[in-house]
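Engineer: Based on what follows, work out the 3D shape:
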Amino acid sequence: MPGGRLTQQERQQIALGLADGLPYAEIARRLDRPTSTITREVMRNDGPTAYRADLAHRATERRAHRRSQPASRGAEPVPQPHGRDAEAVRAYEELFTTAMVESGLPKMMSRVLVCLVTSDTGSLTASELVQRLQVSPATISKSISFLESQTLVRRERDERRRERYVIDDDLWYQSMVASVRALTKQVEITRQGVAVLGSGTQAGDRLENIARFLDYVSESLARAADQARDVLHARYEAPSDAPAEPSPDLD
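Structural biologist: Below you'll find the predicted structure:
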């Protein structure tokens, strides 16, 4: 099995495979490469829908050039508390980021979110994010603004009057709420299409079926998110000497 960096020709084959709708495993088999290599390559370069071989190749060359230069003080690895393996943490953060990108969150926003989620305090300043992610303050500002618009992070001032970006314990609940809002908007737009194209027509009926499906999913998701939050919060707030009770069924 070949090793080393992907060649420009291999990247062109990846782009062709993505255009043909091939899964990563099949593209990897054709190139005699590990599937993980193809997954990382695509996710590092704008994902399967926006991947371009020429841009990916140039980006890789730029990264290699930066790595060949003497490391700056800001590029030093972040010290890991609790005896954690720094390389294992880095690999996990990359895996987590890839999962967020695959779920639809833009790459840079995913990196910022994962950085906050995996910090012990659940909050970081802009300068701390810049140092950890090695990106510009403007990039952090843009990412935070997006995450804040999705109610995934919030801002607060610490004792030194510095602005901190905070991840709440109910992050995934807020994420589900944001998804419900997006689905509700889709339902509204789809039903507008029914009025435009005409109820009873093939196109109108198709849009109405889509609206009903999305409406049902959004209501179910909202109900499940509320129920899960109530159950889990009640469990956390239960007195330590209270007798254990069977876990409620979330279905």
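
Engineer: Pull the contacting residues for Gly17.
Structural biologist: Glu26, Ile27, Arg30 (C-beta atoms under 8 Å, 6 or more residues apart in numbering). C-betas here are computed from N, CA, C, even on glycine.

Engineer: burial of Ala91, as a residue count?
Structural biologist: 11 (other C-beta atoms under 10 Å).

Engineer: which residues does it contact?
Structural biologist: Applying C-beta under 8 Å, 6+ apart, no residues contact Ala91.

Engineer: can you confirm it is in a strand?
Structural biologist: No: the assignment for Ala91, made by DSSP: H, G, I helix; E, B strand; the rest coil, is helix rather than a strand.

Engineer: want to try a markdown table for the contacts of Gly17, with pLDDT and distance to Ile14 as columns?
Structural biologist: As requested, these are exported to a markdown table (pLDDT from 0 to 100; distance: C-beta to C-beta, whole Å):
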| residue | pLDDT | distance to Ile14 |
| --- | --- | --- |
| Glu26 | 92 | 11 |
| Ile27 | 93 | 6 |
| Arg30 | 93 | 9 |
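
Engineer: quick one: which of those residues is most hemmed in?
Structural biologist: Ile27 leads those on contacts (other C-beta under 10 Å) with 24 neighbours.

Engineer: got the contact list for that one?
Structural biologist: With C-beta under 8 Å, 6+ apart, Ile27 has these contacts: Gln13, Ile14, Gly17, Leu18, Ile38.

Engineer: Select the helix or strand of the protein having the lowest average pLDDT value.
Structural biologist: The helix or strand of the chain with the lowest confidence, counting by mean pLDDT, DSSP states H and E, is helix 53-68 at a mean of 77.

Engineer: What is the nearest of the contacts of Ile27 to Leu221?
Structural biologist: Of all these, Leu18 has the smallest distance to Leu221: 29.7 Å, by C-beta to C-beta.

Engineer: so how many other residues sit close to that closest one?
Structural biologist: By other C-beta under 10 Å, neighbour count at Leu18 equals 21.

Engineer: what's the answer for Ala126, then?
Structural biologist: 15.

Engineer: where does the stretch 151-251 of the chain dip in pLDDT?
Structural biologist: 235-251 (pLDDT under 70).

Engineer: can you give me the helices for it?
Structural biologist: For the stretch 151-251 of the chain, helices defined by DSSP state H, counting those that start in this stretch occupy the ranges 171-197, 202-237.

Engineer: so what secondary structure elements neighbour the least confident helix or strand of the chain?
Structural biologist: Judged by 3 or more C-beta pairs under 8 Å, 6 or more residues apart in numbering; DSSP states H and E, the packing partners of helix 53-68 are helix 8-19.

Engineer: could you check the angle helix 53-68 makes with the helix it packs on?
Structural biologist: Orientation note: helix 8-19 sits at an angle of 130 degrees relative to helix 53-68 (axes from the mean of the first three to the mean of the last three C-alpha atoms, to 10 degrees).

Engineer: picking up where we left off before, turn the contacts of Ile27 into JSON lines, including pLDDT and distance to Gly193.
Structural biologist: Formatted as JSON lines, the contacts of Ile27 follow (pLDDT from 0 to 100; distance: C-beta to C-beta, whole Å):
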{"residue": "Gln13", "pLDDT": "93", "distance to Gly193": "39"}
{"residue": "Ile14", "pLDDT": "93", "distance to Gly193": "36"}
{"residue": "Gly17", "pLDDT": "91", "distance to Gly193": "34"}
{"residue": "Leu18", "pLDDT": "90", "distance to Gly193": "30"}
{"residue": "Ile38", "pLDDT": "92", "distance to Gly193": "38"}
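
Engineer: between these, which is nearest Glu219?
Structural biologist: Of the contacts of Ile27, the one sitting nearest to Glu219 (C-beta to C-beta) turns out to be Leu18, at 35.0 Å.

Engineer: pretty sure that closest one is touching Ala50, no?
Structural biologist: No: applying C-beta atoms under 8 Å, one finds Leu18 not in contact with Ala50, separated by 9.7 Å.

Engineer: who's in contact with the least confident helix or strand of the chain?
Structural biologist: Residues from elsewhere that reach helix 53-68 (C-beta under 8 Å, 6+ apart): Arg5, Leu6, Gln8, Arg11, Gln12, Ile14, Ala15, Glu41, Arg44, Asn45, Asp46.

Engineer: Thanks a lot, see you next time.
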